[in-house]
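# With the sequence up front, the predicted model follows.
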Amino acid sequence: MLPARRNQYWLPSIFNDIFDDDFMNYTPAKQFASPAVNIIENEKDYEIEVAAPGMSKEDFKVRLENDNELVISLEKKNEDKHEKKNYLRREFSYASFKQAFIIPDEVEAEGIGAAMVDGVLRITLPKKEVTVKTPASRQIEIG
């Protein structure tokens, strides 16, 4: 029987086995995430809040389609301009998001506005001014 010969490089070998290219090989073509969305109704408007920590207003596009559909989309490219990092696993980022809402007829479309504040996209949809019309009284002649 031959004595077992211990490889002096066994510790680096363990790390190479764990962190080689095949282990945790997780690189999806495109990630999809759904940020949390709040919809609030106030007396004078509706508010849509989209939680987007780490995003900027340049990452979003908000548009109103002809069929009263409000479309919110986000595309964030994970580019590190300063230094190239070799990630073993990378999960915490939004890559793409798109959400559509049907806007009620009572919304004043020309007054819709959006602002990015503290990692939250806030879209304000003002309600149309409601004017109460009192029926005009008039005399109807009997013919």
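Structure's in. What do you need? Numbers count the residues shown, from 1 in each chain.

# Quick one: residues contacting residue 68.
102, 103, 104, 105, 107, 109 (C-beta atoms under 8 Å, 6 or more residues apart in numbering). The way it works is simple: take the backbone N, C-alpha and C, and place the C-beta from them, glycine included.

# Among those residues, which one has the most neighbours?
Per-residue neighbour counts (other C-beta atoms under 10 Å) across those peak at residue 107, which has 18 neighbours.

# what bridges to that residue?
On the basis of DSSP bridges, residue 107 is bridged to residue 127.

# so what's it up against?
46, 68, 125, 126, 127, 128.

# Now which of those residues would you call buried?
Using 16 or more other C-beta atoms under 10 Å as the burial test, the contacts of residue 107 include 46, 125, 126, 127 as buried.

# In CSV: the contacts of residue 107, plus pLDDT and distance to residue 56.
Converted to CSV, these look like this (pLDDT from 0 to 100; distance: C-beta to C-beta, whole Å):
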residue, pLDDT, distance to residue 56
46, 96, 24
68, 90, 28
125, 96, 22
126, 96, 25
127, 95, 29
128, 92, 32
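
# and which of the residues you listed is nearest to residue 60?
For these, the residue nearest residue 60 by C-beta to C-beta is residue 125; the value is 15.9 Å.

# Below-threshold pLDDT in this protein: ranges please.
Across the chain, the ranges flagged by pLDDT under 70 are 1-33, 77-83, 91-95.

# Would you map the strands across this protein?
Along the chain, the stretches classed as strands by DSSP state E are 37-41, 45-51, 60-64, 69-75, 96-102, 113-117, 120-126.
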